[in-house]
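**Q** coords please:
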Amino acid sequence: MSKVKKWILIVLIFLTCLVGIFIQPVDRTHFLETNYFQVAETALDSLRTNTKSPQNLPIEIGWAKTNITPKYLTPLSGYGSRKDAIAVGAHDSLWARGFVFKNNNEKIAFVTLDALIVPPAVTQQLVERLPSIGYDLQHLYLTATHTHSSMGAWGNSFIGKRFAGEFDPEIVYQLTSDIITVIQEAEQNVSPASIGFVEYESSDLVTNRLVGERGIIDPWFRVAKFKKQSGEIALLTTFSAHATCLSSDELKYSRDYPGQLVDSLESLAGVDFAAFAAGAVGSHRPESGGFGQHDRTRWLAASLTKKVKHSSILLKDNNPLEMVLFNVPLRNAHWRITTNWRFRPWVFQWLSEDSPHYITALRIGEIVMSGTPCDFSGELIPEIQAGLQNANIHLMVTSFNGGYVGYITKDSWYDLKEYETFIMNWFGPNNGQYFTYLIYNLVNIIS
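**A** Sure thing, here's the model as predicted:
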């Protein structure tokens, strides 16, 4: 063998070894055949055995908000195309809005942030700091509005920095402190209250951005109403459209349409407080109404507000209160290069940061909210509702509950070469069905 051929062989062997170190086939094992599913089934069985139906008891509710606009300018989060751009100011302030729900047996807080997500680093700090105010993660429901024009600097990894800019631990500490503050302030004004729910058909305001008319949408604008005996009224809302009325050209902090919406709702006669949580926003974008940027946010918010007839919402005085936090077992990270090949899990772990992955289920009266650690697709909502056993339950699914595992989309779209299904689907096929199965089981357990 000539020297040239020997060197070619050496190079080929080296490249083969290198590929073997970094790359492996996509794991297409169905979740029903995996060990992690068996772990999940055992945990669900334990919950069924140990969870008692909550009692219909008088409930006390308090609410509050606190300004979370950074004290100094940070990178913006939401669009990688901004390339770590620093905010140039604030178009409108960012807020944390919270509720506390109490009865004789339970005390549960709910917080939504005007942020892209609830950063995993914030959740990790909350685990340490919540006990100082009498709470823990099992009694805190977290979510976000998913505005793509909020503060960044909270992602301490290669992937995190692509979406949120250079990491700043002070931002993480301040966000954690703001969450604690809004819980404490909400708890200070709890008083007896009643609860109601309504949903408004809003298919004219949202579109399936992933597959268009080949897919479906979650068209419902969902509104929970809380009314204190004093007459004060709060509305908690969800909608499936991404908060992306503002493009990457926006370089000021802004709440996008969720901010315009809560302001509009608070201008309604009799409404004292409003909050918004991103619903099942995966695969869903807002309609434009022919407008762009801030004109679009105002149009969308006004269109949703016009649908609300809160005075006609029926209220109940005695309401169950219960929350479950379920840690979700998953396969190893599944970041694909081609349809059937992926980077090995260690590569993904090296480029990302530790994140919890749990599902929360919160029952407040006949409303059950389920929080997910992802951009959860609205295409999956009908499948969840079809599995519910209690016909009286009103379901509100939200995204970004303090962990982040990418996008969870309908399984039939898994091999599409699209942003949601290819770049941001990190944990492999069949997770749409898997998460759907877990959510409707958790909702059934507490309802």
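**Q** C-alpha from now on. contacts and neighbour counts both.
**A** Will do.
**Q** now do the strands in the stretch 151-300 of the chain.
**A** 191-201, 206-208, 220-228, 233-239, 273-278, 284-286 (DSSP state E, counting those that start in this stretch).
**Q** which of the ones you listed is buried the deepest?
**A** Among the strands of the stretch 151-300 of the chain, strand 273-278 has the highest mean neighbour count (mean count of other C-alpha atoms under 10 Å), at a mean of 27.
**Q** distance of the nearest residue to residue 392 once chain neighbours are set aside relative to residue 68?
**A** Nearest residue to residue 392 in three dimensions, chain neighbours excluded: residue 366, at 6.6 Å (C-alpha to C-alpha, 6 or more residues apart in numbering). Distance of residue 366 to residue 68, given as C-alpha to C-alpha, to the nearest Å: 31 Å.
**Q** contact partners for residue 150?
**A** Residue 150 sits next to 76, 77, 78, 94, 114, 115, 116, 253, 254, 255 when contact means C-alpha atoms under 8 Å, 6 or more residues apart in numbering.
**Q** switch the cut-off to 7 Å
**A** Listed by C-alpha atoms under 7 Å, 6 or more residues apart in numbering, the contact set of residue 150 reads 76, 77, 114, 115, 116, 253, 254, 255.
**Q** can you give me the neighbour number for the fifth one?
**A** Residue 116 is surrounded by 26 other residues when neighbours are defined as other C-alpha atoms under 10 Å.
**Q** hang on, isn't it packed against residue 153?
**A** No - counting by C-alpha atoms under 7 Å, residue 116 stays clear of residue 153, with 11.5 Å between them.
**Q** residue ranges of the helices in the stretch 201-350 of the chain, please?
**A** 256-266, 293-306, 345-351 (DSSP state H, counting those that start in this stretch).
**Q** no no, the stretch 1-150 of the chain
**A** According to DSSP H, counting those that start in this stretch, the stretch 1-150 of the chain carries its helices in the segments 3-22, 35-50, 120-129.
**Q** looking at these, which has the lowest confidence?
**A** Lowest mean pLDDT within the helices of the stretch 1-150 of the chain: helix 3-22, a mean of 58.
**Q** list of residues touching stretch 219-232?
**A** 191-203, 206, 233-239, 272.
**Q** could you tell me how many residues sit around residue 49?
**A** 10.
**Q** whoops, I mixed them up, residue 331
**A** Neighbours of residue 331 (other C-alpha under 10 Å): 18.
**Q** so where's the stretch 301-447 of the chain shaky on pLDDT?
**A** Scanning the stretch 301-447 of the chain for pLDDT under 70 picks out no residues.
**Q** run the last query once more with 90
**A** For the stretch 301-447 of the chain, the stretches with pLDDT under 90 are 310-311, 318-319, 333-335, 343-348, 351, 428, 447.
**Q** any idea how far residue 101 is from residue 318?
**A** Distance, residue 318 to residue 101, using C-alpha to C-alpha: 13 Å.
**Q** using CSV, write out every CA atom in stretch 95-105.
**A** Below are the C-alpha coordinates for stretch 95-105, written out as CSV (Å, rounded to 0.1, in the frame of the first residue of the first chain):
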residue,chain,number,x,y,z
TRP,A,95,-44.8,43.4,34.8
ALA,A,96,-45.2,40.3,37.0
ARG,A,97,-48.9,39.7,37.8
GLY,A,98,-49.9,37.2,40.5
PHE,A,99,-52.7,35.6,42.4
VAL,A,100,-52.9,33.8,45.7
PHE,A,101,-55.7,31.3,46.2
LYS,A,102,-56.4,30.1,49.8
ASN,A,103,-58.9,27.9,51.7
ASN,A,104,-58.7,26.0,55.0
ASN,A,105,-56.5,23.3,53.4
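**Q** can you name the residues that contact residue 342?
**A** Residues near residue 342 by C-alpha under 7 Å, 6+ apart: 23, 24, 25, 26, 334, 335, 336.
**Q** and residue 84, how many neighbours?
**A** Around residue 84 there are 20 residues (other C-alpha under 10 Å).
**Q** same thing with the one 3 residues further on?
**A** By the measure other C-alpha under 10 Å, the count of residues near residue 87 is 20.
**Q** how close does it sit to residue 178?
**A** Counting by C-alpha to C-alpha, the gap between residue 87 and residue 178 amounts to 20 Å.
**Q** in stretch 293-312, what's buried?
**A** Residues of stretch 293-312 classed as buried by neighbour count (16 or more other C-alpha atoms under 10 Å): 293-294, 296-305, 308, 310.
**Q** make CSV out of these and add distance to residue 141.
**A** CSV is the format used below for the buried residues of stretch 293-312 (distance: C-alpha to C-alpha, whole Å):
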residue, distance to residue 141
293, 31
294, 30
296, 30
297, 26
298, 28
299, 30
300, 26
301, 25
302, 28
303, 28
304, 24
305, 25
308, 25
310, 24
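**Q** farthest-separated two in these?
**A** Greatest spatial distance among the buried residues of stretch 293-312 (C-alpha to C-alpha): 293 and 310, at 28.5 Å.
**Q** hmm, the residue nearest to residue 392 is touching residue 396, no?
**A** No - the criterion here is C-alpha under 7 Å, and residue 366 misses it with residue 396 at 10.9 Å.
**Q** of these two, which one has the most company?
**A** Set side by side, residue 366 and residue 396 show more neighbours around residue 396, with 25 against 20, by other C-alpha under 10 Å.
**Q** now do the same contact list for the more buried one.
**A** By C-alpha under 7 Å, 6+ apart, the contact list for residue 396 reads 368, 369, 370.
**Q** can we see that at 8 Å?
**A** Residue 396 neighbours (C-alpha under 8 Å, 6+ apart): 222, 238, 279, 367, 368, 369, 370.
**Q** would you point out the most distant pair within those residues?
**A** 279 and 367 (14.3 Å).
**Q** okay, these two: which has more neighbours?
**A** residue 279 (34 against 22).
**Q** measure the more buried one to residue 227 for me?
**A** Noted for residue 279: a distance of 23 Å to residue 227, by C-alpha to C-alpha.
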